[in-house]
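# quick one, what's the 3D model for this:
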Amino acid sequence: MVKNGLYRTIGLIIGLSAMTAFVVYAIKMLRVEDLERCATLPAMLGIVIAAMFYVSIIPITSWAWGRLLADAGITKSWRELGMIMSITQMAKYLPGNVGQHIGRITMSMSRGIGIQALTVTMLIETALTPFAALLVGLVGAGLSRTGIMTLFQGNKIALVLALVAGCAVIIVLGSSRRFLPYLLRRYAPAYADTRWLTSLPRRTTLFQCLAMYCLNYIMIGVGLVILARLLFPEAAFQDAMLLIGSFALAWVAGFFTPGAPAGMGVREVIMLGLLSGSYSRTDGILLILALRLATILGDGLCFIAGNAMLLFSRHCGTDSLNDIKK
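Numbering: from 1, shown residues only. I've put the predicted structure just below:
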């Protein structure tokens with residue numbers, strides 16, 4: 001418990017330090033006329049469009065969560081799961097990166113999702129999402145000449161190890177239903193009660209969910225590409241694959257920095273470094289700031305939509321009917 005608290009505290013310090021460094025650097029580099037570029041009609045339209053692409057991750061992730069729950073014997077509608085994720089999304093901006101998970105657990109249990117299935121499905125989601133981001137990031141950077149030069153310089157061993165670790169997680173999860181009962185009976189008979197294994201997903205479901213999580217980062221990346229085109233209309237070329245890959249890889253870095261609210265600071269610093277080969281420092285900072293505005297706008301829209309869905313379900317008596325059925 002103490003170690004976890006220390007780990008989160010260190011992560012918070014790293015996140016705040018990175019955010020402070022990015023803000024100071026942005027203030028130093030940007031002029032008033034640079035910031036005015038974000039206030040133009042095309043730029044604001046780009047932020048809104050990027051926010052809409054970002055919002056798409058809620059129905060996509062909800063569908064994947066529904067598939068995981070179905071394999072655990074729990075049937076929930078896409079609408080209900082989307083409502084839970086939309087409402088709890090805003091809590092990720094609280095320090096510690098636990099508010100979103102606590103809110104999701106609380107809402108899920110109040111709506112009849114058992115703690116065993118909830119724990120298993122959320123752990124699997126947590127294991128698959130960074131691997132999906134890593135895959136999208138490496139493919140995007142790999143298809144970008146600038147990305148290859150920036151990313152793979154001095155990082156080959158770390159990237160290979162990360163891919164190997166991710167593949168190992170997929171293999172273990174995909175084989176768990178078949179081999180874990182045997183391994184427990186053979187080597188740890190005291191823990192041979194494997195009823196909880198019925199909550200584990202099938203291999204087909206795992207790959208379906210992995211594909212959906214990859215789609216999440218692609219959708220956000222496409223929104224970023226459109227944002228870049230509208231923010232910098234004078235640019236003759238936008239490296240779409242670099243933009244898609246840089247966000248995905250920056251997200252991984254933010255994910256593994258516990259304590260930084262929504263990865264703030266860490267992701268911006270990583271993205272700035274990855275984009276440095278194709279964008280000037282000023283343009284890179286402007287684009288990253290505009291993307292952060294888009295994601296905050298998207299989270300706000302999700303929160304409003306989720307609460308509207310909750311109020312509508314209560315008004316129509318949906319929740320009461322569910323309680324009677326239980």
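# okay, and the residue nearest to S108 when sequence neighbours are not counted sits in which element?
Nearest residue to S108, sequence neighbours excluded (Cβ to Cβ, 6 or more residues apart in numbering): L118, at 5.2 Å. Any C-beta I mention is one placed from the backbone N, CA and C, and that applies to glycine too. Under the criterion of DSSP states H and E, L118 resides in helix 115-142.
# quick check: buried residues in that helix?
117-118, 120-122, 124, 127-141 (16 or more other Cβ atoms under 10 Å).
# before we move on, the earlier item: for the residue nearest to S108, what are its contacts?
105, 108-109 (Cβ atoms under 8 Å, 6 or more residues apart in numbering).
# isn't M241 up against R145?
No. Using Cβ atoms under 8 Å, M241 is not in contact with R145; the gap is 9.3 Å.
# the two - which one has more neighbours?
Each of M241 and R145 has its neighbours counted (other Cβ atoms under 10 Å); M241 has more, 18 against 14.
# so which helix or strand takes in the more buried one?
Going by DSSP H and E, M241 is in helix 240-255.
# quickly note the distance from T129 to L286.
Plainly put, T129 is 28 Å away from L286 if you go by Cβ to Cβ, to the nearest Å.
# also G298?
The spacing between G298 and L286, counted by Cβ to Cβ, is 19 Å.
# and what of T75?
Separation of T75 from L286 (Cβ to Cβ): 46 Å.
# now do A51
Distance, A51 to L286, using Cβ to Cβ: 17 Å.
# what's the closest non-adjacent residue to I84?
With sequence-adjacent residues excluded and distances taken as Cβ to Cβ, 6+ apart, I84 is closest to M107, at 4.8 Å.
# please list all residues in contact with the one you found.
For M107, counting by Cβ under 8 Å, 6+ apart, the contacting residues are 84, 87-88.
# go on, V48?
Going by Cβ under 8 Å, 6+ apart, the list of residues near V48 reads 294, 297.
# same check on A211?
So A211 contacts nothing (Cβ under 8 Å, 6+ apart).
# tell me which helix or strand it sits in.
Here A211, judged by DSSP H and E, is contained in helix 203-231.
# what of F53?
Here F53 sits within helix 41-55, counting by DSSP H and E.
# in whatever helix or strand comes next after that helix, which residues are buried?
Toward the C-terminal end, the helix or strand that comes next after helix 41-55 (DSSP H and E) is helix 57-71. Of the residues in helix 57-71, 57-71 count as buried by neighbour count, 16+ other Cβ under 10 Å.
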